[in-house]
Each structure stands twice: as C-alpha cells, then as structure tokens.
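Novice: let me see the structure of the following:
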Amino acid sequence: MKTNVSISLRCLCAAVAAVMLLCSVSCGRKDQAEGLVSVKYSQIPQGEDLLLSGLVGEPDFIALDSDTSAAFTPAATINVSDNYISSYSLARQPLKLFDRSTGKYIGTYGGIGRGPGEYLQIASVQIDEADGKIWMKTYPDINVLHVYDIATREMEVVPLAYSTGDGSWLSYSFMVDGGARNITVAVKPEDNGCPAIAWCQDYEGNVLWEIPRTYSFPEDNRTMMDTDRNVPGLLDISFRSNNTAQDTSWLVGGGEMRPLLTVSFGQTASSEDSGFAEGNYMYSTTVLPDYVIMDVNLQGRSVMKDGVRRINVEPLPGVLLDRRTGEVSLGEVVNDLMDGSAGCGFTDGYFVRAYDAAGFMETGRAALESGNLSEAARSRISAILKNLSENDNDVIMIAPLR
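Specialist: Below you'll find the model as predicted:
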C-alpha cells in the first residue's frame, strides 16, 4: 500500500463514521457491539489463548470423494452450508460441490475459460441454500456476480448496482440474503470511480440503501478485502495484506458501516515495493459474533507453485479483541479438539479446516490419543482413518459456531 495509507485508513474511520447513512429499509441487521478499538501491535499485552472447544459445537469430519480426479482441488478454499461443501482455488480451478453428509462429489459449476458460464478465477463464494444458488465473485467479470443453480448448474448474471471501474476484482466483498433476495456490497475506498463505499441492492440492481464514499486512497492490489460471513445478517470486511500497513475490520448492515478494530504495525511499504519483501508483516482478520481474531506472520521468501504464490512465513502472536468488553490481547485460537495447533479458520458460521489425506492420517491419530473429542467424533475419525490412503482427497473438519 502506498505511503499515505496508514494515515488514510485512520482518516477513513473518522470520515465514514461521521457520515453513516441510516436508512429505514431493512437489509441486514444491526449489531449490538459498539465502538472502534485502535491499538499498536507493539503495545498489545499478552493474554490467554482461546480454546476452539469453547467457541464451537460438536465437530464433524467428512472425507471428500476420491473416486474421480475431477473432485480434487489443490490449495483449496472451502465454503460450507447446511447440506453442501464447495471447494475452489486461485490456481485457476473451477468450483467443485460435495454432499456435506457423505462427501460425495456432486459436480463442477462453471469452468475455466472465457466462454459462457466460464471464468478465469474465483475470488469469493457463498452457498445460498434458501434460494438453491451458488454465488461467485469471479475474474474478469468484476462488476457482476455469477449465480449458479445448484440443481441444474445453469448460470445467470446479477449486475452490481455500482461499478468498480478501475478493473480490480479484489476490491469489493458481498453477502447474499436469499430469503430477502438482496445483496450487501462493500468496496475498498480507492480511486476507483465508485460513488458508494457500501450499499444494499436487490437482484435487479435497484439500490435499497447506500453509504456515500467521502474519502479515497490510491489503488493497491496487494491489499485485498476478506469476508467470512460469520456474523448473522451482517457483512464483515477486513483488509488482508502483506505490505505492513495497519488493518481495520468492519461490520456492514442495516444502513450502517461500523469500524471494529484497527491494528497499526508501525510501518508502511512504499508504492514501489512489490509487497512480497522479506520482513513485511502479513495479516488476516476474522470477525466473529463475540471476537475479532487476527493472524499475524512475518514474511520470508516467496515462490510461485501451481499458479499460486507460496510465501514462507514466521508465525507471530495473533491479536484477539473481545467485542463484549473491548479488551485486546495477544493470543491464538488453539484447536484443542484435535492436536493443539494454532490457527483461525472460520467461515459461513463454522470452524472449517481442510486436511490433506497424509496430514489427516497424522493429525487424526494424534487427536484420538490426546484430543478433546466426543466419542461420536472419535468414532468418525477412526472410520475415516481405516479407509484413508495418502493419495486420497482432503478430509474436512466442520464445527458450528456457538
């Protein structure tokens, strides 16, 4: 991010908060937590880790179908719903859909290319069971969403009400409410020609409410917007970056855009930097109903593999904000259910962790010996291990947020 972004984001918090547009149209609920917490990473005190068992309910384990090579996705990003699991990858892999209860491969939605129903890459996915659809943000179709019918696999295009005219496909996030048939969208406040920083629209592109953009900073494609959809009825957004700038997390809904947490790392990469320099901080943030959780790493050397940049990192203490009290501390989410490893993997209202087959053979056995698991979960792991080989597809751990 460019040298003025550290100042820009602080100004943005104040500017946006000052011009919140409250609207009587319902499009997302209001959240009860109040106030922006702003901290310097170097001054955050050490606190206690969060145990995963205290955040989630009973875990399930699903071995994805290995009967066809089409079901495999390298470096997969996983999304879940009540009855489905989807996987895709930035390494130009189309979306694969699985039955959540059995792991059976259902099929592929769309394809890699420039023809009808095709795309070059997927950036974000939401499975909307209420309407029987899969929503995708894809490239190069940056100002529309691809919507696939789960049953027929037919695709329709839903236009965004406003355009991010700079051509950046990673500069906005979305959340679909299938019951209300509306979409909440938030855009990075860059010099991209978009008049609003957030809005809610129907499927035809009619705006139900909007928050005008009052501030912008120069475009930086090294900073991406993340959305995990873990807070019911609200669009969560945070900025994932490897350029050492500070990060702010937000919740959007009900005509409001509310800042939650800003973490300053004390330095900002210049506009000439590639963003992959050794020594940069890397961070990603997840918003939960009661917590904001930030993973922090120190960047090492990076290489390209399978079309995806792989970066060597040194884990640093994460950041935990208790949204109920406003207290911030250094700490991690510890997976005490399995092997005690640290890491945050919450999406769609679930903790989700994908293990490759070889990794699950090791971790699953360790969990049976020392994990904090119910007998039902132990039985499920044992059944999977009995039939699993190193070349099989991934095993997915899914546990609902409490």
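Novice: partner residues bridging Ile122?
Specialist: Beta-bridge partners of Ile122, counted by DSSP bridges, are Thr138.
Novice: surely it is in contact with Lys96?
Specialist: No. Between Ile122 and Lys96 there is no contact under CB atoms under 8 Å: 10.9 Å. In short, each C-beta sits where N, CA and C put it, glycine included.
Novice: contact partners for Asp228?
Specialist: Going by CB atoms under 8 Å, 6 or more residues apart in numbering, Asp228 touches 236, 286-287, 346-348.
Novice: that older thread, list residues touching both of Ile122 and Lys96?
Specialist: Tyr88.
Novice: spit out the contact partners of Ala75.
Specialist: Taking CB under 8 Å, 6+ apart as the test, what Ala75 contacts is 89-91, 306, 308.
Novice: could you export those residues to TSV, including columns for secondary structure and distance to Glu375?
Specialist: TSV is the format used below for the contacts of Ala75 (DSSP: H, G, I helix; E, B strand; the rest coil; distance: CB to CB, whole Å):
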residue	secondary structure	distance to Glu375
Ser89	strand	35
Leu90	coil	38
Ala91	coil	38
Asp306	coil	39
Val308	strand	39
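Novice: now the helices: where do they sit in the stretch 301-402 of the chain?
Specialist: Using DSSP state H, counting those that start in this stretch, the helices assigned to the stretch 301-402 of the chain run over residues 357-370, 375-387.
Novice: ok so, going back, what's the farthest-apart pair in the contacts of Ala75?
Specialist: Using CB to CB, the contacts of Ala75 reach their maximum pairwise distance at Leu90 and Asp306, which is 9.7 Å.
Novice: with neighbour numbers in mind, choose between these two.
Specialist: The residue with more neighbours, out of Leu90 and Asp306, is Leu90; 15 against 12, by other CB atoms under 10 Å.
Novice: the more buried one touches Tyr119, doesn't it?
Specialist: No. Assessed by CB under 8 Å, Leu90 is found out of contact with Tyr119, at 11.9 Å.
Novice: ok, and the closest non-adjacent residue to Glu154?
Specialist: Tyr148 (7.1 Å; CB to CB, 6 or more residues apart in numbering).
Novice: one more: Thr347?
Specialist: Asp228 is the one closest to Thr347 (CB to CB, 6+ apart), at 4.7 Å.
Novice: A strand includes that neighbour, no?
Specialist: No. Per DSSP: H, G, I helix; E, B strand; the rest coil, Asp228 lies outside any strand segment and is coil.
Novice: ok, it to Val158 distance?
Specialist: 21 Å (CB to CB, to the nearest Å).
Novice: with Ala123 instead?
Specialist: For Ala123 relative to Val158 (CB to CB), the value is 15 Å.
Novice: can you check Asn280 too?
Specialist: 36 Å.
Novice: and what of Met257?
Specialist: Met257 sits 22 Å away from Val158, taking CB to CB as the criterion.
Novice: do Thr227 as well
Specialist: Counting by CB to CB - Thr227 and Val158 are separated by 17 Å.
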